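Engineer: Following is a predicted model, sequence given first.
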Amino acid sequence: MKKIKVFLIILLSLISIVSIFLYINRDKFTYVGSVDYVDVDCSKKIEILNEVYKSDQKIRRENNLIKNAKEDHRNQELVISIIEKCGMPTLKEVNQKQMNAIWLGLQHTEYKYRKKYFPLIEKAVKNGDLSKEHYALMKDRILMDEGKPQIYGSQIKNGKLYDLEEPETVNERRQKMGLEPIEDYLKRFNITFDAN
């Protein structure tokens with residue numbers, strides 16, 4: 001009986017501590033909900049994509065994703081809504097920065113949307129509307145989402161290079177995609193590459 005009483009006291013103490021922590025930090029946590037289609041005017045997709053690009057880059061520079069979660073979420077909804085309502089843009093309709101905004105919106109959304117729209121990214125790369133680098137980064141991210149080894153070594157998880165398929169030949173694959181050697185890339189994250 002004493003053990004149960006001690007256990008309940010500990011449990012109630014933990015619940016109290018977590019509750020106080022969550023209350024104190026309530027402004028730092030943002031639930032943004034599911035990605036929904038929003039009403040977009042296809043004649044204004046250039047302006048919308050310019051804003052998405054500008055916003056995405058601001059969020060990444062500030063490096064405070066919790067603070068900017070709603071804005072990031074809104075960007076994802078705008079990009080997906082443009083694709084659904086207006087079709088996937090090409091460089092004949094928009095400029096490179098606006099095409100990059102499409103890629104950024106998809107790269108920074110949930111796995112299911114990356115996976116769903118990845119064939120459009122592949123087609124855009126084949127048509128020259130997006131770079132091979134865009135393809136490589138999204139492909140690696142999807143593989144990581146699926147718990148599979150990445151191919152090009154672009155994804156970092158918990159401060160380490162995420163699992164890599166055939167590390168000894170990664171720089172050959174990276175070169176084909178226009179990516180710098182993995183050693184140089186990983187220096188930015190203070191990670192040393194070991195092919196073994």
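Structural biologist: Great, that's in hand. Here the structure is a predicted model, which is why all the values come from computation and not from measurement.
Engineer: that's a strand at residue 38, yeah?
Structural biologist: No: looking at residue 38 with DSSP: H, G, I helix; E, B strand; the rest coil, it is coil, so not inside a strand.
Engineer: and it, backbone torsions?
Structural biologist: Main-chain torsions, residue 38, degrees, to the nearest 10: phi -120, psi 160.
Engineer: Does it touch residue 82 like I think?
Structural biologist: No: the pair residue 38 and residue 82 fails to qualify as a contact (C-beta atoms under 8 Å) at a distance of 9.6 Å. C-betas here are computed from N, CA, C, even on glycine.
Engineer: More neighbours: the two, which one.
Structural biologist: Counted by other C-beta atoms under 10 Å, residue 38 and residue 82 do not tie: residue 82 has more neighbours, with 27 against 13.
Engineer: Return the distance of the more buried one relative to residue 182.
Structural biologist: Between residue 82 and residue 182 the computed distance is 34 Å (C-beta to C-beta, to the nearest Å).
Engineer: Which helix or strand contains residue 125?
Structural biologist: Under the criterion of DSSP states H and E, residue 125 resides in helix 111-126.
Engineer: Report the buried residues of that helix.
Structural biologist: Under the neighbour-count criterion of 16 or more other C-beta atoms under 10 Å, helix 111-126 has 113, 114, 117, 118, 120, 121, 124, 125 buried.
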